[in-house]
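Sequence isn't available, so here's the structure alone:
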C-alpha cells in the first residue's frame, strides 16, 4: 500500500483504515457531486460526511500515492504475453472478483438490486 510512496522517495504513509475512508469518500463524491473536489472542504459548502472524516491534504496525498500495483513488477511491453491492459488495477479487480465469489446467492441479488 505504501510501496509507491517509498519508491517516490516520499515520507507519506497510510493505513488500512485511511484507505477505507478514502474509498468511502470517493463513493460519497460520486453520489453528491460538486464542480471541484475541493468544495467538499470549503467553508461555504463543507460537506461533513467527507470533510470531517479526512482532511483535504490527506485526501490529496492519498490520491497522489495510491497505487494497486508495484511499478517495479509491471510489464509495459504490449507484445509480452504477461501484458494486460488493466495491469495497474488488476490486483484491485482480482480482490473485488474474489470478494463477489464469496457472496451467497441472496447477497449477490441484494447488491445488484441496490
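Cool, got the structure. Values in this document were obtained by computation on a predicted structure and should not be read as measured data. Numbering: from 1, shown residues only.

For the rest of this, base every contact and every neighbour count on C-alpha atoms.
OK.

any residues touching stretch 50-59, and which ones?
The contact list for stretch 50-59, computed with C-alpha atoms under 8 Å, 6 or more residues apart in numbering, reads 21, 22, 25, 28, 38, 40, 41.

Swap in 7 Å and give it another go.
By C-alpha atoms under 7 Å, 6 or more residues apart in numbering, the list of residues contacting stretch 50-59 from outside reads 22, 25, 40, 41.

Now the last one: closest residue in space, sequence neighbours ignored.
If you skip the residues right next to it in sequence, residue 41 has residue 51 as its closest partner in space, 5.2 Å away by C-alpha to C-alpha, 6 or more residues apart in numbering.

and residue 14, helix, strand or coil?
Secondary structure assignment for residue 14 (DSSP: H, G, I helix; E, B strand; the rest coil): coil.

do you know how far it is from residue 42?
The gap separating residue 14 from residue 42 is 24 Å, by C-alpha to C-alpha, to the nearest Å.

quick one: which of these two has more around it?
Using other C-alpha atoms under 10 Å as the criterion, residue 14 and residue 42 rank with residue 14 on top: 15 against 12.

And the pLDDT for that one?
The score at residue 14 is 88. That number is its pLDDT.

how close does the spatially closest residue to it that is not a sequence neighbour sit to residue 62?
Computed as C-alpha to C-alpha, 6+ apart, the closest residue to residue 14 that is not its neighbour in sequence is residue 2, at 6.7 Å. Separation of residue 2 from residue 62 (C-alpha to C-alpha) stands at 10 Å.

pLDDT score for the residue positioned nearest the centre of the chain?
The centre of the chain sits closest to residue 23, judged by C-alpha atoms, centre = their mean, with a distance of 5.1 Å. Residue 23 carries a pLDDT value of 89.

Contacts only, for residue 47.
Residue 47 is in contact with 40, 41, counting by C-alpha under 7 Å, 6+ apart.

buried set for stretch 88-101?
Within stretch 88-101, the residues that count as buried by 16 or more other C-alpha atoms under 10 Å are residue 88.

And that stretch, how far out from the chain middle?
Averaging C-alpha positions (C-alpha atoms, centre = their mean, to the nearest Å) puts stretch 88-101 12 Å from its chain's average.
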